[in-house]
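Participant: For reference, the sequence and a predicted model appear below.
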Amino acid sequence: MTALRELAKVVRSKNAGPYEITFDVMFSDEAVFAHVRGSGVLTPERLAALYRTSVDQVRVCTFFAPALAFKLTLVRPGAQGGAGERDTFGAQQHAPLLDLEVPA
């Protein structure tokens, strides 16, 4: 098993409007991209569980081969800037993805 952070060139999160957060995972190598895509690790079900939400809160969960990238968009647990908001820009929400294990 290898942590996703060791396979990806970029793992980041950011706002996708006041009610969603989007995540990007980008690879620099086509073979690594294909391996991660084929591993079945990045699925709506697994990522919803990772972020402690339901699958219906997953808006986008797709690989984009021309950019060697994966995109995930989730509904925010509360509106951006709302009461209890701890990361208004969504820039720190990618951390759980870093340790996601991908089969060798």
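Facilitator: Right, received. Where do you want to start?

Participant: What ranges does the chain have for its helices?
Facilitator: Shown for the chain, the helices assigned by DSSP state H span residues 4-7, 30-39, 44-50, 95-98.

Participant: For the ones you listed, give me JSON lines that also has mean neighbour count, mean pLDDT and distance to residue 64.
Facilitator: Just so you know, the C-beta spots here come from the backbone N, C-alpha and C atoms, and that holds for glycine as well. Formatted as JSON lines, the helices of the chain follow (neighbours: other C-beta atoms under 10 Å; pLDDT from 0 to 100; distance: least, C-beta to C-beta, whole Å):
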{"stretch": "helix 4-7", "mean neighbour count": "16", "mean pLDDT": "97", "distance to residue 64": "16"}
{"stretch": "helix 30-39", "mean neighbour count": "15", "mean pLDDT": "98", "distance to residue 64": "10"}
{"stretch": "helix 44-50", "mean neighbour count": "15", "mean pLDDT": "97", "distance to residue 64": "16"}
{"stretch": "helix 95-98", "mean neighbour count": "15", "mean pLDDT": "95", "distance to residue 64": "16"}
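
Participant: With distance to residue 24 added, can I get the ones you listed in CSV?
Facilitator: Listed next are the helices of the chain as CSV, based on distance: least, C-beta to C-beta, whole Å:
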stretch, distance to residue 24
helix 4-7, 12
helix 30-39, 13
helix 44-50, 13
helix 95-98, 10
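
Participant: Residue 65: which of these is closest?
Facilitator: Nearest of the helices of the chain to residue 65, taken as C-beta to C-beta: helix 30-39 at 7.4 Å.

Participant: contacting residues around the closest one?
Facilitator: With C-beta atoms under 8 Å, 6 or more residues apart in numbering as the contact definition, helix 30-39 has outside contacts at 4, 7-8, 25, 27, 42, 63, 65, 68-70, 102-103.

Participant: Any chance of a ChimeraX selection covering the buried ones in the residues you listed?
Facilitator: To isolate the buried ones among those in ChimeraX, judged by 16 or more other C-beta atoms under 10 Å, type:
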select :4,7,8,25,27,42,63,68,69,70,102
